[in-house]
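# pasting a predicted model and its sequence here:
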Amino acid sequence: MVDAVRSGPTMAVVARMAGVSVPTVSKVVNGREGVATATRDRVTAALKQVGYLREPSTPADQRGSGRLVDVVMHGLRSTYASNVLGGIEAAAREIGLDVVVAASDAELGSRESPAGGWLDHLIDRGTGGVLLVLVETTSAQHEWLTHFGIPCVIVDPITTPPPGVPTVAASNEKGAYDVTRHLLDLGHERIAHIGGSPPKLCSKARLSGYRTALNEAGIELRSDYVLDGNFHEPEAITAMHQLLDLPEPPTAVFAASDLMAVGACRAIRARGLEVGRDISVAGFDDVDEARVTYPALTTVRQPLIDMGRVGLDLLARRMRGEEITGHTELPTELVIRESTVRRH
């Protein structure tokens, strides 16, 4: 890795300004972990002040050939990932692009951020564009991409993206509204929500859709009916047990993901209750697990293949020089199965 620009301030200069070590500056530049938030902010401010940007080893006339695209994803082992990748690969074949796929650090159990040094790799091999799928990046990393003229598109952004970066996602709020409305139409009024991770945009949107449906039905939102499962099945199992322990447990549960809904079903069965007959359960995503669990899970189908396809198409257009900004929201679909039953 080259740590200095060919003309301009070096990492050592930035380190002195921020009062940190050179390795700490390198971690911030490359998005690595192990840097306190306050320190990261101080280093980022110094980087902006001096206009620091590392010069890649690949000459400018050999970068961005227009055929190579880097896809950085939050894990590669899930049904979510395989479906999004399917859309990306189909679009790449049609457009004539080559794709390099890498998993974020989250594949190894860390937070949803690209692996350390990813900018070095993609810039040095002449990447023409970057598609980020369900990963979180820093403003310094986006500024670096902009400096080197490498366009970026985000699919399923975790947090609010930088201005001017196009994003693609499912209609999370509308999907959550539709499934909550379905439970209301079945006669349920005590409807709980096992949410994802509160800071994530999709979690906020799904909670908002749930809340809106209840408000329209004249049902007050109960704080004890809203728990976080952080998109993990074990935490959803714990949340469901907490709901069942309430003096007045819910008659229906909407989980913000299918995996959490499966966890809720396991907790219900562990109490000797029957999903559907005793408590209705609905999820979100329509991954394979929703179809093979018993009873089959009512859920909200995300257009995952289309999300990958549209994301790559937008990136290809940006690589051709088109001015593409804003957010593209793709419609979801309510899929009704046996896990939701009319309230007796």
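Received it, and whenever you're ready, just let me know what you need. Numbering: from 1, shown residues only.

# tell me how far the residue most central in space within the chain lies from V341.
Taking C-alpha atoms, centre = their mean, the centroid of the chain lies closest to L134, which sits 3.0 Å from it. Distance, L134 to V341, using C-beta to C-beta, to the nearest Å: 33 Å. The way it works is simple: take the backbone N, C-alpha and C, and place the C-beta from them, glycine included.

# ok, which stretches of the stretch 1-150 of the chain are strands?
68-73, 98-103, 129-133 (DSSP state E, counting those that start in this stretch).

# which outside residues touch the first one?
For strand 68-73, contacts defined as C-beta atoms under 8 Å, 6 or more residues apart in numbering pick out 81, 84-85, 88, 92, 97-104, 114, 118, 122, 125-135, 312, 315-316, 319.

# quick one, which of these are buried?
81, 84-85, 88, 92, 97, 99, 101-104, 114, 118, 122, 126-135, 312, 315-316, 319 (16 or more other C-beta atoms under 10 Å).

# can you show me the helices along this protein?
11-18, 22-30, 37-50, 79-95, 118-124, 139-147, 172-185, 201-216, 233-244, 258-270, 288-292, 304-319 (DSSP state H).

# lowest average pLDDT across these?
For these, mean pLDDT drops lowest on helix 118-124, to a mean of 67.

# and M1, what pLDDT?
At M1, pLDDT is 31.

# do the same with G128
As predicted, G128 sits at a pLDDT of 87.

# ramachandran coordinates for it?
Main-chain torsions, G128, degrees, to the nearest 10: phi -90, psi -20.

# equivalent analysis for V135, please.
Per degrees, to the nearest 10, the backbone of V135 is at phi -130, psi 160.

# thought it was touching P157?
No. Applying C-beta atoms under 8 Å, one finds V135 not in contact with P157, separated by 9.0 Å.

# would you mind giving the strands of the stretch 1-150 of the chain as TSV with distance to H232 added?
Shown next, in TSV, are those (distance: least, C-beta to C-beta, whole Å):
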stretch	distance to H232
strand 68-73	18
strand 98-103	18
strand 129-133	19
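
# go through those strands and find the least confident stretch.
Among those, strand 98-103 has the lowest mean pLDDT, at a mean of 85.

# and that one, what other elements does it pack with?
Identification of packing neighbours for strand 98-103 by 3 or more C-beta pairs under 8 Å, 6 or more residues apart in numbering; DSSP states H and E yields strand 68-73, helix 79-95.

# who's in contact with N83?
V287, L304, I305, G308.

# tally of neighbours for the third one?
Residues within reach of I305, counting by other C-beta atoms under 10 Å, total 18.

# does it really touch V84, like I thought?
Yes. Between I305 and V84 there is a contact under C-beta under 8 Å: 7.3 Å.

# spit out the residues that contact these two alike.
Joint contacts of I305 and V84 (C-beta under 8 Å, 6+ apart) do not exist.

# so how far is T138 from A256?
Distance from A256 to T138, by C-beta to C-beta: 26 Å.

# which of the two has more residues huddled nearby?
Remark: of A256 and T138, A256 carries more neighbours, 31 against 17, as counted by other C-beta under 10 Å.

# surely that one meets S208?
No. With contact defined as C-beta under 8 Å, A256 does not reach S208; the gap is 11.3 Å.

# which residues are common contacts for these two?
A176.

# would you map out the domains in the protein?
11-50, 62-169+304-328, 172-302 (automatic domain parsing).

# which one of those lies nearest to L334?
L334 lies closest to domain 172-302 among those, at 4.6 Å (C-beta to C-beta).

# got the end-to-end distance for the closest one?
Domain 172-302 has its terminal residues 8 Å apart, counting by C-alpha to C-alpha, to the nearest Å.

# stretch 328-344 now?
Start-to-end, stretch 328-344 (C-alpha to C-alpha) is 41 Å.

# what pLDDT, on average, does it get?
Computed over stretch 328-344, the mean pLDDT rounds to 95.
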